[in-house]
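Student: kindly return the folded structure for what I paste below:
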Amino acid sequence: MMRYTQLLLVLGFLVLGSSAAMAGGDAAAGEEKALICQSCHGPGGSQSITPDIPTLAGQHEDYLAHALRAYRSGDRQQAVMSTFAQQLNDQDIEDLAAYFADQESNLRDIKIK
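Tutor: Alright, predicted model coming up:
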């Protein structure tokens, strides 16, 4: 009985570990999907065209995915982002979040006066 319990525990950890590894997005796939985002957020999401457009590069992946889902559902409102996000499926959101989270942010270079 003890071996059976140990086997179930090992299998449980393997299943949980593999599903955690499979969760999240593919940054390489996100790079291609992010081309349209450059028009407002700049290359790699690091150079927004106006101060009211956020820098995406280096943001936390889970935050980016949450924000895109909120735009898609209508819980978060902004005309351009809401329209854009409604076209995204769950995998698109995960891929975009992974890509932008993987980019280097230029926020360290900003000096606050």
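
Student: tell me how far the residue nearest the centre of the chain lies from His60.
Tutor: For the chain, Ala97 is the residue whose C-alpha lies nearest the centre (Cα atoms, centre = their mean; 1.4 Å). Using Cβ to Cβ, to the nearest Å, Ala97 is found at 9 Å from His60. In short, each C-beta sits where N, CA and C put it, glycine included.

Student: just to revisit the earlier point, the residue nearest to the centre of the chain: what's it in contact with?
Tutor: Going by Cβ atoms under 8 Å, 6 or more residues apart in numbering, Ala97 touches Gly25, Gly30, Glu61, Asp62, Leu64, Ala65, Leu68.

Student: how close does it sit to Pro51?
Tutor: 23 Å.

Student: what kind of secondary structure is the residue lying closest to Gln78 once chain neighbours are set aside in?
Tutor: In space, and not counting its chain neighbours, Gln78 is closest to Tyr71: 6.8 Å by Cβ to Cβ, 6 or more residues apart in numbering. Using DSSP: H, G, I helix; E, B strand; the rest coil, the structure places Tyr71 in helix.
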